[in-house]
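# give me a 3D structure for the following:
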Amino acid sequence: MAEIDRYYAYQSLFTGRTAVPKSEILKKLEISSATFKRDLAMFRDRLNTPILYDRDLGGYKLENPEGLQQLPGMWFSQEEALALMTIQTMIGQLEPGLLGPKLKPLQTRLNKILETQGANANVLAERIRVVHAGKRRMPLKSFELVAKATVDRKQIEIVHLNRQTGESIKRIISPQQLIHYRDNWYVDAWCHLRGGIRSFSIDAIENTMLLDKDAKDIDREQLLKQMQSGYGIFGGQAKATAELKFTTERARWVQHEEWHPDQKGTLHKDGSYTLEVPYSDERELIGDILRIGSDVKVMGPATLVKQVKEAIQKMLKHY
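You can find the predicted model right below:
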């Protein structure tokens, strides 16, 4: 009998009983005394519901009978527990203070499960490292309220800083989805001020207030078409396709990268690589092109070639 099957058998045995004799447990579950001993340890250490012997009643009883109703969701194999611990560690390093404290009780239980199976949770935590690049500081309160509104499907009033103009604007938005992109959090939302779908950087939200109004729901396909057609974080219908040619050296990396779900790549005989990516706003794309430097050449369209040239000329003026 598998462990999960034995769990339900124990549940059936102890339901409505004050105590169950050992002989009855061994007979009903068709297990040996050694297996029963291991099950006692399992209920105590892994499931946090000890089975104790009551001399006066002449049998075994559950110290926490209500706990049986909550156990199936915590019935993890070592591989599953390790996977959850890995995710928890990564979340904690991505945004300490956001989800970490809420997952702490679960982490404690997972630690106990791992220890009973010979794994060391502390070693796991020490061996996982998340490297941040360009991560911006974000108010905890803003993230939690935006996340709550997104899940509860409520409107929120925000004061959002437009970093390009330096202007802070009060808006009412209906959050649709949270995006974690390049170490920073964004929310795709219906903007009631502009009457359209917009993406807001959560760290640029200065004030938030949850409203007692249901959020406007946007069709999922429409949302994806609007927000994922272009390159990077910028939403909007793609207006053009960039053709980028990478040197042989850089091609060894780029040919295995996904810059956009609808990209097209061609590996040439000389080892160079051409990548075609649609974009709606060229700002982030130009930034990535400049970051790669001389290992990439913009082949088209002509407007993008001109914009990249102008950006390089502006850079040269600093030197």
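# isn't residue 282 up against residue 305?
No: applying CB atoms under 8 Å as the test, residue 282 and residue 305 come out as separate, 11.0 Å apart. For the C-beta atoms, the positions are set from N, CA and C on the backbone; glycine is no exception.
# comparing the two, which shows the higher neighbour count?
Neighbours of residue 282 and residue 305, each counted by other CB atoms under 10 Å, are more numerous for residue 282; the result is 21 against 15.
# name the helix or strand for residue 312, please.
helix 302-316 (DSSP states H and E).
# rounded mean pLDDT for that helix, please.
The average of the pLDDT scores along helix 302-316 is 96.
# could you pull out the helices for the stretch 101-250 of the chain?
Ranges of helices within the stretch 101-250 of the chain are 121-126, 140-152, 220-228, 248-254, based on DSSP state H, counting those that start in this stretch.
# nearest to residue 210, of the ones you listed?
Of all the helices of the stretch 101-250 of the chain, helix 140-152 sits nearest to residue 210, with 5.8 Å by CB to CB.
# now that closest one: mean pLDDT?
Confidence for helix 140-152, expressed as mean pLDDT, is 86.
# what's it in contact with?
With contact meaning CB atoms under 8 Å, 6 or more residues apart in numbering, helix 140-152 is reached by 95, 97-98, 154-156, 158, 175-178, 185, 187, 202-203, 205, 208-210, 215.
# would you map the strands across the stretch 151-300 of the chain?
154-162, 167-181, 184-191, 196-201, 205-214, 240-246, 264-267, 273-279, 296-300 (DSSP state E, counting those that start in this stretch).
# would you mind putting those into a markdown table with mean neighbour count and distance to residue 108 alongside?
Shown next, in a markdown table, are these (neighbours: other CB atoms under 10 Å; distance: least, CB to CB, whole Å):
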| stretch | mean neighbour count | distance to residue 108 |
| --- | --- | --- |
| strand 154-162 | 18 | 32 |
| strand 167-181 | 17 | 25 |
| strand 184-191 | 22 | 27 |
| strand 196-201 | 18 | 34 |
| strand 205-214 | 14 | 31 |
| strand 240-246 | 20 | 48 |
| strand 264-267 | 14 | 46 |
| strand 273-279 | 20 | 45 |
| strand 296-300 | 17 | 48 |
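# what's the burial count for residue 123?
Residue 123, neighbours per other CB under 10 Å, totals 9.
# ok, back up a step: mutual contacts of residue 282 and residue 305, please.
By CB under 8 Å, 6+ apart, no residue touches both residue 282 and residue 305.
# just for the stretch 151-300 of the chain, where's the confidence low?
The stretch 151-300 of the chain contains residues with pLDDT under 70 at 235.
# quick one: furthest residue from the center of the chain?
residue 56 (51.5 Å; CA atoms, centre = their mean).
# nearest to residue 233, of the strands of the stretch 151-300 of the chain?
strand 167-181 (5.2 Å).
# ok so, going back, the inter-axis angle of the helix holding residue 312 versus strand 240-246?
Taking axes from the mean of the first three to the mean of the last three CA atoms, to 10 degrees, one finds helix 302-316 and strand 240-246 inclined to each other by 60 degrees.
# which strands and helices sit next to helix 302-316?
strand 240-246, helix 282-292, strand 296-300 (3 or more CB pairs under 8 Å, 6 or more residues apart in numbering; DSSP states H and E).
# returning to that earlier point: if I've got this straight, the residue farthest from the centre of the chain is in a helix?
No: read with DSSP: H, G, I helix; E, B strand; the rest coil, residue 56 is coil and lies in no helix.
# pLDDT score for it?
88.
# ok, the one 4 residues further on next?
At residue 60, the pLDDT value in this model is 91.
# which strands and helices lie in contact with the helix or strand it falls within?
Here residue 60 sits within strand 59-62, counting by DSSP H and E. Here strand 59-62 is seen to pack against helix 22-29, strand 51-54 when contacts are counted using 3+ CB pairs under 8 Å, 6+ apart.
# and the ones you listed as CSV, adding distance to residue 111?
Shown next, in CSV, are those (distance: least, CB to CB, whole Å):
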stretch, distance to residue 111
helix 22-29, 29
strand 51-54, 22
